[in-house]
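Q: sequence plus the predicted model coming up.
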Amino acid sequence: MPLITRFAPSPTGPFHIGNLHIALYNFLFARKEGGKFLLRIEDTDIKRSDTIMTQNIIESLKWLGLEYDGEIYKQSDRFQIYREYAELLIKNKLGYFCYCTHEEIEERKQMAMAKKESWKYDRKCLNLANMNEIQDRPRAIRFLVPEGKVSYEDRIHNKMERDAADIEDFVILKSDGTPSYNFACVIDDHELNITDVIRGEDHVVNTFKQVLLYKALGWKAPKFVHLPMILGPDRSKLSKRHGATLVLEYREQGFLPEALINYIALLGWSPGGDREFISFPELIELFSLDRLSPTASIFDIKKLEWMNGEYINKMSDEEVLDRIVNFHENREPTCPDAECVGKTENRDYTNGVDAGPLTRIKLPENREYMLKVVNLLKPRMQKLTAFMERSAYFFNDPKEYDKEGMDKYFNLPETIERLALVKERFSKLEAFSIEMIELAVRELADELGIKASLLIHPIRLALTGITGGPSLFHIVETLGKETVIRRLEKALAFLIKAK
Ligand code: GLU
C-alpha cells in the first residue's frame, strides 16, 4: 500500500508555527518515502470555521512550498457520509441516540462534582424506557464504548494503553447533524487510505477514541506519531510573547521560507551530528521518523533571525534582490515615491487576511545600482525588511541628521573646515574608486595630523544622516561623486547656519 500522510487543520484560526511543524513533518515523510501528502480541511464546526482561514492555510503552505497532492478535501462536503456511518453503528448496536440536552448533562455533571465524584456520560439514553416523551427532541448519536483495554503503537511514545472504562460514550454525530472531530477524522482517514497520522501530542486522548472507532467499523487503524509541543524559551505554550506566531507574519517580516523550514524542521528532529543548515531537498532526503525527539522543543526567535540572516548572506546579490522585489509584489502601491524606500509597514494577519494599510514600496528601477546596495547591506541583513529599513540614504538625501551623531561628530569647531577639505579632495578625484576615495581621506587625515576616523564619522553623518552602516568608502563610491558633493555641500550649509 502506498504511504499517504495528511495535514488536517481546522480553519478556525490562521496557520501558525505549530501547524507548520505538523504539516512539514507529514510533508517530509511523504516525500522521502515517495508517498502522498494530502490536505484536508476539518471544517465541521460550522460556527467557528471560516473560509478566510482556509485561504490563509493555503497561502501559507504555498509560500512555504509545502505542496499537497491532488485536490483539497473538505469535511463540510461530506456530512451525508458521516451520517450514514453513524446510522450503521446504531444498526449494529454500537451506537445509540442521545436526547439529553447540554443543560441536563451539565446539571448531572455539577451534581457529581458537588459530591466530589468524577463524571462521564451516564448512559441515560442507552436503554430508554419511554420513547414517546422525548421523541421530538433533537438527538445526537453516541458511540457505545466497549469494555476492556484500548491500545495503539506510537512511534515516539511506543505502546499506549488505556482502560476503555475511563472513556465515556462520546458523541459521534451532534444533534445539529454535524459529526464530532473524532468520528469525521476516522472516516476520512480510512476513506483517504491514510497510512500514517502525524499530529500533535494534544491528540493522544483522541487517538484512543479513534482506535475504538476503527475497531467498531472493522477497519485497520493507520500508524500514529504524536509530536511533542513546541514551547517558548520560558517553556510555556508558544504565544505572541515569544515572537510572531503566524506563518504569514514571518513572510511579512522578511523571513525566507527556506530558513523558516530549516529552523522548524530541527525542532524535534535531527539528521544526526550537529548540522544546522539543511536545504529543503536535503531535508527530504534525510528525514526519518526514527530520529524524532520525545521531548518538547524550544522556539527561539533570535536563533531563527540569525539563521535567516545566514541564508540571506549566502545568497547571491541577484537572488537577494529578486527576493526583495518579490517581497513587494502584489502589494498595493500606496506609497509610490522613492520617498518611501526607508519605510515598511507590516500587514496584520491576525484575522486571517491581510488587514490594515498596505504599503508597497516602489523600488528604484536601476538594477545595477540596486545590486550594489544589496551587496553592501547583505552581510548585516537578518531579514529582507532590513533592506527597506536601512537603505533610505542610497536613494534620498538625508533630511535630518542623527541627534547623537551630531553631538559627537558635527559639534567640533573643526568640522566645517574638515568637511570643506574633504569636499575639495573628492571633487578633484578623477577616478572615483573605492581605493582612491580611501586614499584621499587617509592622506588628508595625515596632512591634518588627525586620525582618519575623525574624518570618516562626520563624512558618514553628512552623507547618510546616520552613524552606522557598511564601510564608508564603499558608500561614497556607490553614491557617486555628484551625490556625494551635493550632500557634503548641504551638510556644510546646515553647519554654517547652525553656528
Ligand atoms: N483538525 C485537527 C487539528 O487541527 C486535526 C488533528 C489530526 O491531525 O487528526 O488539530
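A: Here it is on my side, so go on.
Q: for the stretch 351-499 of the chain, what are the low-confidence residue spans?
A: The model of the stretch 351-499 of the chain has pLDDT under 70 over residues 351-364.
Q: contact residues of the stretch 51-200 of the chain facing the ligand?
A: Selection of the stretch 51-200 of the chain residues close to the ligand by CB under 6 Å from any ligand atom yields 185, 199. C-beta coordinates here come from the backbone N, C-alpha and C atoms, glycine included.
Q: the helices in the stretch 51-200 of the chain, which residues?
A: Along the stretch 51-200 of the chain, counting by DSSP state H, counting those that start in this stretch, helices occupy 51-64, 79-91, 102-114, 181-191.
Q: ok, what's across the strand from the one residue in the stretch 151-300 of the chain that gets nearest to the ligand?
A: Residue nearest to the ligand within the stretch 151-300 of the chain: residue 199 (3.7 Å; CB to the nearest ligand atom). Beta-bridge pairing for residue 199 (DSSP bridges): residue 226.
Q: surely it meets residue 22?
A: Yes - counting by CB atoms under 8 Å, residue 22 is a contact partner of residue 199 at 5.8 Å.
Q: now do the shared contacts for those two.
A: Shared contacts of residue 199 and residue 22 (CB atoms under 8 Å, 6 or more residues apart in numbering): residue 227.
Q: now the strands: where do they sit in the stretch 201-350 of the chain?
A: Ranges of strands within the stretch 201-350 of the chain are 223-227, 230-231, 297-298, based on DSSP state E, counting those that start in this stretch.
Q: in the helix or strand of the chain with the lowest mean pLDDT, what's buried?
A: Using mean pLDDT, DSSP states H and E, the weakest-scoring helix or strand in the chain turns out to be helix 385-390, at a mean of 82. Using 16 or more other CB atoms under 10 Å as the test for burial, helix 385-390 gives 385-388, 390.
Q: can those go into TSV with extra columns for distance to residue 420?
A: Shown next, in TSV, are the buried residues of helix 385-390 (distance: CB to CB, whole Å):
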residue	distance to residue 420
385	37
386	34
387	33
388	34
390	28
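Q: nearest to the ligand among those?
A: residue 385 (30.3 Å).
Q: what's the neighbour count on the residue lying closest to the closest one once chain neighbours are set aside?
A: Ranked by CB to CB, 6 or more residues apart in numbering and with sequence neighbours excluded, the top spatial neighbour of residue 385 is residue 254, at 3.5 Å. If you count neighbours by other CB atoms under 10 Å, residue 254 ends up with 23.
Q: tell me the contacts of residue 254?
A: Contacts of residue 254 (CB under 8 Å, 6+ apart): 308, 327, 383-387.
Q: and residue 270, by the same measure?
A: Here residue 270 is in contact with 291, 293 (CB under 8 Å, 6+ apart).
Q: so how far is the first residue of stretch 180-198 from its last?
A: Distance across stretch 180-198, first residue to last, is 20 Å (CA to CA, to the nearest Å).
Q: correct me if wrong: residue 112 contacts residue 106.
A: No - taking contacts as CB under 8 Å, residue 112 lies outside contact range of residue 106: 10.9 Å.
Q: which one's more surrounded, these two?
A: When neighbours are counted by other CB under 10 Å, residue 112 and residue 106 differ, and residue 112 comes out ahead with 14 against 11.
Q: give me every residue that touches the more buried one.
A: Counted by CB under 8 Å, 6+ apart, residue 112 has contacts 118-119.
Q: next one: residue 168
A: Per CB under 8 Å, 6+ apart, neighbours of residue 168: 120-121, 145.
Q: need phi/psi at it.
A: phi -80, psi 170 (degrees, to the nearest 10).
Q: hmm, back to that, format the helices of the stretch 51-200 of the chain as CSV; extra columns: mean pLDDT and distance to residue 246.
A: Compiled in CSV, the helices of the stretch 51-200 of the chain are given as follows (pLDDT from 0 to 100; distance: least, CB to CB, whole Å):
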stretch, mean pLDDT, distance to residue 246
helix 51-64, 92, 8
helix 79-91, 97, 30
helix 102-114, 95, 33
helix 181-191, 98, 23
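Q: thinking again about what came up before, could you dump the strands of the stretch 201-350 of the chain to JSON lines with mean neighbour count and mean pLDDT?
A: Below are those laid out as JSON lines (neighbours: other CB atoms under 10 Å; pLDDT from 0 to 100):
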{"stretch": "strand 223-227", "mean neighbour count": "21", "mean pLDDT": "98"}
{"stretch": "strand 230-231", "mean neighbour count": "20", "mean pLDDT": "95"}
{"stretch": "strand 297-298", "mean neighbour count": "16", "mean pLDDT": "96"}
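Q: let me have those in JSON lines, adding distance to the ligand as columns.
A: Shown next, in JSON lines, are the strands of the stretch 201-350 of the chain (distance: least, CB to the nearest ligand atom, whole Å):
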{"stretch": "strand 223-227", "distance to the ligand": "10"}
{"stretch": "strand 230-231", "distance to the ligand": "14"}
{"stretch": "strand 297-298", "distance to the ligand": "18"}
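Q: pretty sure residue 370 sits against residue 321.
A: Yes - at 5.6 Å, residue 370 counts as touching residue 321 under the criterion of CB under 8 Å.
Q: the ligand contacts on the stretch 201-350 of the chain?
A: Counting by CB under 6 Å from any ligand atom, the stretch 201-350 of the chain sits next to the ligand at residue 203.
Q: where in the stretch 201-350 of the chain is pLDDT low?
A: 329-350.
Q: need the helices for it, in chain order.
A: 204-217, 247-252, 257-265, 280-286, 301-314, 317-327.
Q: would CSV of those helices with mean neighbour count be doable?
A: Shown next, in CSV, are the helices of the stretch 201-350 of the chain (neighbours: other CB atoms under 10 Å):
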stretch, mean neighbour count
helix 204-217, 19
helix 247-252, 22
helix 257-265, 21
helix 280-286, 15
helix 301-314, 18
helix 317-327, 16
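Q: quick one: the closest residue to residue 243 other than its chain neighbours and residue 383, what's the gap?
A: Excluding the flanking residues, the one nearest residue 243 by CB to CB, 6+ apart is residue 301, at 3.5 Å. Using CB to CB, to the nearest Å, residue 301 is found at 11 Å from residue 383.
Q: same check on residue 186?
A: 43 Å.
Q: the two: which is more packed in?
A: The residue with more neighbours, out of residue 186 and residue 383, is residue 186; 26 against 20, by other CB under 10 Å.
Q: ignoring the adjacent residues along the chain, who's closest to that one?
A: residue 213 (4.5 Å).
Q: right, and that neighbour touches residue 184 too?
A: No - Residue 213 lies out of contact with residue 184 (CB under 8 Å); the separation is 10.5 Å.
Q: from the ligand, how far out is the residue nearest to residue 478 when sequence neighbours are not counted?
A: In space, and not counting its chain neighbours, residue 478 is closest to residue 372: 4.9 Å by CB to CB, 6+ apart. The spacing between residue 372 and the ligand, counted by CB to the nearest ligand atom, to the nearest Å, is 47 Å.
Q: what separation do you get for the residue of the stretch 151-300 of the chain closest to the ligand and residue 454?
A: For residue 199, the distance to residue 454 - CB to CB - is 63 Å.
Q: so where do the helices sit in the stretch 351-499 of the chain?
A: 367-377, 385-390, 392-395, 403-405, 415-428, 434-448, 453-464, 472-479, 481-498.
Q: run through who's touching stretch 140-149.
A: Residues contacting stretch 140-149 (CB under 8 Å, 6+ apart): 86-87, 89-90, 93-98, 121, 125-126, 161-165, 167-175, 183, 209, 212-213, 215-216.
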